[in-house]
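J.: Just the structure for this:
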Amino acid sequence: MKIENTEVVVIGSGIGGLSCAALLARYGFEVTVCESHSIPGGAAHAFERQGYIFDSGPSLYSGLSYRPSTNPLRQVLDAIAEDLPWTTYDTWGCCLPEGKFDTKVGADQFCEVLQNLRGESAVREWRQLQKVMEPLAKAAIAIPPAALRFDIGAAIVLGRFAPSVLPHLANIAKLSGSFGRIMDETIKDPFIRNWLDLLCFLLSGLSADGTIAAEMAFMFAEWYRPGVVLDYPIGGSGAVVDALVRGLERHGGGLMLNSPVEKILVEDNRAAGVQLRGGKEIRARRAVVSNASIWDTVKLLPSVGVLSEFRDREREMPECDSFMHLHLGIDAAGLEPNLACHHIVVNDWEAGITAPQNVIAVSIPSLLDPSLAPPGKHGIHVYTPANEPYRLWEGMDRRSEDYARQKEARAEVMWQGLERIIPDIRSRCEVTLVGTPLTHERFLRRHRGSYGPGIPAGKGTFPGPKTSLPGLLCCGDSTFPGIGLPAVAASGAIAANTLAPISKHLEMLWQIGV
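T.: Below is the predicted model:
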């Protein structure tokens, strides 16, 4: 049996795992990342088909094209001295029950939308919500995510930020409550309430009642500040992954692809390393960090002893639903010249924002970066964001006729949503890929194809990186609130900081200027 040794093993090369590993390498640790897929990046990886480069997951970025930034991913990139080119834009399209229109990030422009749709009283309510959210937004960004750690050193590091934190202490305490309560106290207009429900769902996979105030406060700080723009990485989401891998390897870390972890080795009641499929062992002198979900991490642990705590955590962790995906390569001739690159489609407010297949997201990133598609073509990613029930697909044979028929039927809502934006879309397609929860589960290594945990505000907390098993830490969307790239990057940085010497952590914060 071949045995290798390192200081830290990271299981999984999602954005959380890569952020953790790259930062650990920058701190001077010997780090090895084990990835089961042939492509790094987890749910953010990119893939190529017939000259089209597709994003497998995230498509909406902000706070990454400038610095200093409150975005945790930007802070990780700064810490490992990596960057990539970004293009910026401010407009996205909406196809809602009220009609089809474009809107922009920024508070003033949304007031124009409200004026046209709902009138002056709605504008007043929105302005009042802005006033309520302003101190909460300042509280949400008072402590840089890169400063967080979960050990005794946290008090020392956070002490550096005491002058900026103290004025916001009362509001920081409010951030763990439900945003729905704030909305109920401020907003009566039904369209604004539906709109806020939609934003919450896109951020957390939950309605406003279930979304913690911190997530919306952070969004208000980002999206409704003066001069705000949205960002897109040149090269797509794969370029972000590449930047993290470059930082990892330039600082001496290693990435092993096609290396699925079969078990976490536990010796003397301590995580001692991992065993890969095929029997190879990688011993970890300092720690094992799992970027797998809590549900998948449980499967890697011994069936006795340390497992009980993780079983309890797994049972108490509710999961969001899964996805349907369309990846399309199309002929772009004659398309509307001012087509927005991102669109949100809502079929029915009355059904509830989390209802199956009620919300459809559309991303056409080649409008921003033409290199992602052949000349004269566009690549499109359409998906139902965390509203496709896994139970409809559970146990199906992916090679069966039943699966093929259900795949076609459940994809229809995405085609219909896209036809509201490009009416002749079906005749334009040159590449058509349909993904289901089983696809999501298989290629993105997601438990039951899930978007991640869906812990409602006030009904549970995210556990952070520490576990009761010495030597085992966790990062990723099972550990930190706010599903998406900023949250998982923060989770990876927190895990790395928790292992790092305080002096090196403080030096990193000084370097990135937060």
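J.: ok, and what's touching stretch 415-431?
T.: 49-50, 52, 93, 95, 100, 326-332, 335-336, 339, 343, 345, 347, 360, 362, 377, 380, 382 (Cβ atoms under 8 Å, 6 or more residues apart in numbering). Quick note: C-beta positions are derived from backbone N, CA and C, even for glycine.
J.: what number of residues lie near the residue nearest to W393 when sequence neighbours are not counted?
T.: In space, W393 comes closest to P437 once its chain neighbours are excluded; the distance is 4.8 Å by Cβ to Cβ, 6 or more residues apart in numbering. Summarising burial for P437: neighbours were counted as other Cβ atoms under 10 Å, giving 26.
J.: Confirm for me that P437 is in contact with H447.
T.: No - using Cβ atoms under 8 Å as the test, P437 is too far from H447 to be in contact (10.8 Å).
J.: Could I have the buried ones of the contacts of stretch 415-431 as ChimeraX selection syntax?
T.: Once 16 or more other Cβ atoms under 10 Å is used to decide burial, the buried members of the contacts of stretch 415-431 can be selected in ChimeraX as follows:
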select :52,93,95,326,327,328,329,330,332,335,339,343,345,347,360,362,377,380,382
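J.: Tell me which of the contacts of stretch 415-431 fall in helices.
T.: Applying DSSP state H to those, no entry is found in helices.
J.: which residues sit in contact with R270?
T.: Under the criterion of Cβ under 8 Å, 6+ apart, the neighbours of R270 are 469-471.
J.: Any idea what it is bridged to?
T.: E267 (DSSP bridges).
J.: related to what we said a few turns ago, now the residue nearest to W393: how far from D348?
T.: As judged by Cβ to Cβ, to the nearest Å, P437 and D348 stand 22 Å apart.
J.: Would you mark the buried spots in stretch 277-295?
T.: 280-284, 286-295.
J.: got it, and stretch 501-513?
T.: Under 16+ other Cβ under 10 Å, the buried positions of stretch 501-513 are 505-506, 508-509, 512.
J.: what about the strands in the stretch 301-450 of the chain?
T.: 325-331, 342-346, 359-363, 377-383, 429-435 (DSSP state E, counting those that start in this stretch).
J.: Give me the helices and strands touching the lengthiest helix in the chain, please.
T.: When the chain is parsed with DSSP H, its longest helix is helix 120-140. The elements that helix 120-140 packs onto, with contact taken as 3 or more Cβ pairs under 8 Å, 6 or more residues apart in numbering; DSSP states H and E, are helix 107-117, helix 169-174, helix 179-186, helix 190-204, helix 213-223.
J.: Where does the prediction get shaky in this structure?
T.: Residue ranges of the chain with pLDDT under 70: 1-2, 58, 107, 304-310, 312-315, 482-483.
J.: repeat that with 80
T.: For the chain, applying pLDDT under 80 flags the ranges 1-3, 58-59, 106-109, 223-227, 303-317, 458, 460-461, 481-483.
J.: What sits closest to H327 if chain neighbours are left out?
T.: L433 (4.1 Å).
J.: and the gap between that neighbour and Y232?
T.: On the measure of Cβ to Cβ, L433 and Y232 end up 21 Å apart.
J.: Next: D242.
T.: Counting by Cβ to Cβ, the gap from D242 to Y232 is 15 Å.
J.: Tell me which of these two has more neighbours.
T.: Between D242 and Y232, Y232 has the larger neighbour count (other Cβ under 10 Å), namely 27 against 18.
J.: tell me the SS of that one?
T.: With DSSP: H, G, I helix; E, B strand; the rest coil as the basis, Y232 sits in strand.
J.: measure it to V288 for me?
T.: For Y232, the distance to V288 (Cβ to Cβ) stands at 34 Å.
J.: again, but for K377
T.: 44 Å.
J.: Repeat that for P318.
T.: Going from P318 to V288 by Cβ to Cβ gives 26 Å.
J.: Give me the nearest residue to L206, chain neighbours excluded.
T.: The shortest distance from L206 to any non-neighbouring residue, by Cβ to Cβ, 6+ apart, is to G454 (5.6 Å).
J.: I'd like to know how many residues surround the one you found.
T.: Neighbours of G454 under the rule other Cβ under 10 Å: 20.
J.: Check whether it really touches L203, as I assumed.
T.: No - applying Cβ under 8 Å as the test, G454 and L203 come out as separate, 11.7 Å apart.
J.: neighbours of the closest residue to V434 other than its chain neighbours, just the number please.
T.: Distance criterion Cβ to Cβ, 6+ apart; nearest residue to V434, sequence neighbours excluded, is A411 at 4.9 Å. For A411, the tally of surrounding residues (other Cβ under 10 Å) stands at 20.
J.: Same check on G159?
T.: G159 has 10 nearby residues by other Cβ under 10 Å.
J.: Phi and psi next, for it.
T.: Note on G159: backbone dihedrals following degrees, to the nearest 10 are phi -60, psi -30.
J.: show me the contacts for it.
T.: Contact criterion Cβ under 8 Å, 6+ apart gives no residues in contact with G159.
J.: quick revisit: got the angle between the longest helix of the chain and helix 213-223?
T.: Between the axis of helix 120-140 and that of helix 213-223 there is an angle of 100 degrees, by axes from the mean of the first three to the mean of the last three Cα atoms, to 10 degrees.
J.: Does A272 fall in a helix, a strand, or a coil region?
T.: Applying three-state DSSP: A272 is strand.
J.: what helix or strand does the closest residue to it other than its chain neighbours sit in?
T.: Nearest in space to A272, with sequence neighbours left out and distances taken as Cβ to Cβ, 6+ apart, is L265 at 4.6 Å. Assessed by DSSP states H and E, L265 sits inside strand 261-267.
J.: That strand packs against which elements?
T.: strand 270-276, strand 281-290, helix 294-300.
J.: which outside residues touch that strand?
T.: With contact meaning Cβ under 8 Å, 6+ apart, strand 261-267 is reached by 11, 34, 36, 271-277, 281, 283, 288, 290, 292, 297, 300-302, 305-306, 469, 472.
J.: Just the buried ones from those residues?
T.: Buried by 16+ other Cβ under 10 Å: 11, 34, 36, 271-276, 281, 283, 288, 290, 292, 297, 300-301, 306, 469, 472, out of the contacts of strand 261-267.
J.: ok so, going back, put together TSV for the contacts of R270, with secondary structure and distance to I141 on each row.
T.: Below are these laid out as TSV (DSSP: H, G, I helix; E, B strand; the rest coil; distance: Cβ to Cβ, whole Å):
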residue	secondary structure	distance to I141
L469	coil	33
P470	coil	33
G471	coil	33
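J.: any chance of those residues in TSV, plus distance to R399?
T.: Formatted as TSV, the contacts of R270 follow (distance: Cβ to Cβ, whole Å):
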residue	distance to R399
L469	39
P470	45
G471	42
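J.: out of those residues, which one sits closest to L175?
T.: Nearest to L175, judged by Cβ to Cβ, of the contacts of R270 is L469 at 29.5 Å.
J.: To H168, which of the strands of the stretch 301-450 of the chain lies closest?
T.: Set against H168 and scored by Cβ to Cβ, the strands of the stretch 301-450 of the chain come closest in strand 342-346, at 31.5 Å.
J.: who does that closest one touch, helix- and strand-wise?
T.: strand 91-96, helix 190-204, strand 359-363.
J.: ok, now with 6 Å
T.: Contacts defined by 3 or more Cβ pairs under 6 Å, 6 or more residues apart in numbering; DSSP states H and E place strand 342-346 against strand 91-96, strand 359-363.
J.: Tabulate those in CSV, adding columns for distance to V76.
T.: Shown next, in CSV, are the helices and strands packed on strand 342-346 (distance: least, Cβ to Cβ, whole Å):
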stretch, distance to V76
strand 91-96, 26
strand 359-363, 23
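J.: Run through who's touching stretch 326-333.
T.: Under the contact criterion Cβ atoms under 6 Å, 6 or more residues apart in numbering, stretch 326-333 has outside partners 52, 54, 376-382, 414, 428-433.
J.: now, the most widely separated pair of the residues you listed?
T.: Spatial extent of the contacts of stretch 326-333 (Cβ to Cβ) is set by the pair G376 and M414 at 23.8 Å.
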